[in-house]
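Student: After the sequence you'll find the predicted model.
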Amino acid sequence: MHVRTSGTDRLAIPGNPTCLRPVVQTFLCASSGNFPIPFCDGPAEARDWKVPRSRRKGFLRYFRLALVCLTAAGCHRTAPPAARPPPAVTVNQPAQREVVEWDEYPGWLEATDMVEVRARLSGYLESVHFKDGADVKKGDLLFVIDPRPYQAELDRAQANLLQAETRLELASNDLARAERLLKSKAISEEEADSRSKAKREAEAAIQSASASMEMARLNLDYTHITSPIDGHVGRKLISEGNLVNGNQGQSTLLTTIVSVDPIYCYFEPDERSILKYQQLARDRNGDNTTRGKVAC
């Protein structure tokens, strides 16, 4: 492609350079300083533009530079995008295995053991030693009832036992002297029998004092309420400072404990399902299911 000029005020570009059309128009407008030169819409063989002679040199300089750039770049269209590769597909071989049939039923759980923790004696609740909903072990301390009155009762029972032992010792000494005096006929047989009965009475008093002391010790132990089983404790039903009742039939409920291992699961399947399970059990074991146990 070349640019040739004639003796007139026209610049002729032969051919039909479609891709150069916008660029030539742009440079024509830039060289003229304004935009009065319309783009030629005439025939392809007579595409001419009028250019003043005073601006021809400057225009030719810019136009040559544009032609060099366009020649280097070339008039070409963008290549179409490459086709996408086929997507990856995972292929597995069919497998054969045993499938277990299962059914769903609404049900509920219940503990195998449930204990109501109640007070065995009356008194003011002094402290609580567990958190609501905690897991406890057998023997863990749960509540403490004010032990001071029962400690005083134990101390009195111990003193009564000591008195009974002292009376028994005195009665034993009196009986021993009476037996020696009876041999020498210094006392009557009636006096000797009286001292013998006094000794037996002192022995019975010791047994009574011992039982009272044991009862007082048990009451003192009952002020410390412990967990009777392993399990899950509920919430405390009585707060510290309240008076609890330990009378039989009216004892205060303090909390409850339920076991967690093992537990019972209850559900109610329909009759058709039970018959199906029994048939499956007979087919598997080869015998009749007569004890109501269903394989599951």
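Tutor: Yes, it's here.
Student: which ones are touching Thr256?
Tutor: Met114, Val115, Glu116, Val117, Val233, Gly234 (CB atoms under 8 Å, 6 or more residues apart in numbering). All C-beta spots, glycine's among them, are computed from the backbone N, C-alpha and C.
Student: Save those residues as TSV, and put in pLDDT, distance to Ser127 and neighbour count too.
Tutor: Formatted as TSV, the contacts of Thr256 follow (pLDDT from 0 to 100; distance: CB to CB, whole Å; neighbours: other CB atoms under 10 Å):
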residue	pLDDT	distance to Ser127	neighbour count
Met114	93	25	13
Val115	93	20	16
Glu116	94	20	12
Val117	94	15	20
Val233	94	15	21
Gly234	93	18	18
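Student: wait, which of these is closest to Ser194?
Tutor: The closest of the contacts of Thr256 to Ser194 turns out to be Val117 (CB to CB; 53.3 Å).
Student: ok, and the closest one, which helix or strand is that part of?
Tutor: If you go by DSSP states H and E, Val117 is part of strand 114-118.
Student: Assumed Leu109 was part of a strand.
Tutor: Yes: assessed by DSSP: H, G, I helix; E, B strand; the rest coil, Leu109 belongs to a strand.
Student: partners of it in the sheet?
Tutor: Cys265 (DSSP bridges).
Student: So it is in contact with Tyr264, correct?
Tutor: Yes: counting by CB atoms under 8 Å, Tyr264 is a contact partner of Leu109 at 6.9 Å.
Student: Touching both of the two, which residues are there?
Tutor: Joint contacts of Leu109 and Tyr264 (CB under 8 Å, 6+ apart) do not exist.
Student: Tell me, please, where in the stretch 151-296 of the chain the pLDDT is lower than the cut-off.
Tutor: 285-296 (pLDDT under 70).
Student: Which residue ranges of it form helices?
Tutor: Secondary structure of the stretch 151-296 of the chain (DSSP state H, counting those that start in this stretch): helices at 189-222, 271-285.
Student: so what does the longest one touch, helix or strand wise?
Tutor: In terms of contact count using 3 or more CB pairs under 8 Å, 6 or more residues apart in numbering; DSSP states H and E, helix 189-222 is assigned the packing partners helix 148-183.
Student: Map the structural domains onto the sequence of this protein.
Tutor: 4-73, 147-222 (automatic domain parsing).
Student: From the opening residue of the longest one to its closing one, how far?
Tutor: Chord length of domain 147-222, first to last residue, is 9 Å (CA to CA, to the nearest Å).
Student: Please apply the same query to stretch 237-257.
Tutor: Length of stretch 237-257, first residue to last, CA to CA: 12 Å.
Student: Buried ones in that stretch, by neighbour count?
Tutor: Ile238, Val244, Gly246, Ser251, Thr252, Leu254, Thr255, Thr256, Ile257 (16 or more other CB atoms under 10 Å).
Student: now do stretch 183-194
Tutor: Ile187, Ala192.
Student: ok, and what's touching it?
Tutor: Leu175, Ala178, Glu179, Leu181, Leu182.
Student: which residues does the last one contact?
Tutor: Residues near Leu182 by CB under 8 Å, 6+ apart: Glu189, Ala192.
Student: now swap in the first one and tell me
Tutor: Contact analysis of Leu175 by CB under 8 Å, 6+ apart lists Ala192, Arg195, Ser196, Ala198, Lys199.
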